[in-house]
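1. coords please:
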Amino acid sequence: MNKVILMGRLTRDPEVRYSQGENPLAIARYTLAVDRRQSRSEEQTADFITCVAFGRAGEFAERYFRKGIKIAVSGRIQTGSYTNRDGVKVYTTEVVVDDQEFAESKNASAGNEGGYAVSSRPEPAGAGDGFMNIPDGIDEELPFN
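-> Just a heads-up that it's a prediction; the model follows:
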């Protein structure tokens, strides 16, 4: 089984490209800084893990993810290799994203470098039952069906 779950902060805004062809496919690449578990005597360290999201997940990352936000990602590890311009073989490891989501509220991340704004619209008021009222007419902008 090849399954990975990560939680960390984006080190920079995602880099998004689109494939060529009749139906262009979004390909978003971003790096997560994931804290390592540590003992009290050790200095805090992090791993920097490259993630790649395709299609709608790539479009979502392009639209909503910004440097500094905390996200949770699940997917699979993929390895590969290529020969660079100097003729040296380079090995790669990245997480191919199956699912990605915010791991903290917008208010909690506002104090972090590169805080984000999901929408320029005012936030809808809560309904009092734990659910948010979604204004009419924004069905096309929601990142899910």
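2. Residue 53 versus residue 65, what's the distance?
-> 9 Å (CB to CB, to the nearest Å). (C-beta placed from N, C-alpha, C; glycine too.)
3. Comparing those two, which shows the higher neighbour count?
-> The residue with more neighbours, out of residue 65 and residue 53, is residue 53; 27 against 21, by other CB atoms under 10 Å.
4. residues touching the more buried one, list them.
-> If a contact means CB atoms under 8 Å, 6 or more residues apart in numbering, then residue 53 has 14, 26, 27, 28, 30, 60, 61, 97, 100 as its contacts.
5. burial count for the fifth one?
-> So the one you mean is residue 30. Residue 30 has 25 nearby residues by other CB under 10 Å.
6. ok, and it, which helix or strand is that part of?
-> Here residue 30, judged by DSSP states H and E, is contained in strand 26-35.
7. so the helix or strand following that strand versus strand 26-35, what angle?
-> Going down the chain from strand 26-35, the next helix or strand is strand 46-54, by DSSP H and E. Orientation of strand 46-54 against strand 26-35 (axes from the mean of the first three to the mean of the last three CA atoms, to 10 degrees) gives an angle of 160 degrees.
8. Just the pLDDT at residue 42, thanks.
-> Looking at residue 42, its pLDDT stands at 76.
9. Tell me who's in contact with it.
-> By CB under 8 Å, 6+ apart, residue 42 has no neighbours at all.
10. 10 Å instead, please
-> residue 36 (CB atoms under 10 Å, 6 or more residues apart in numbering).
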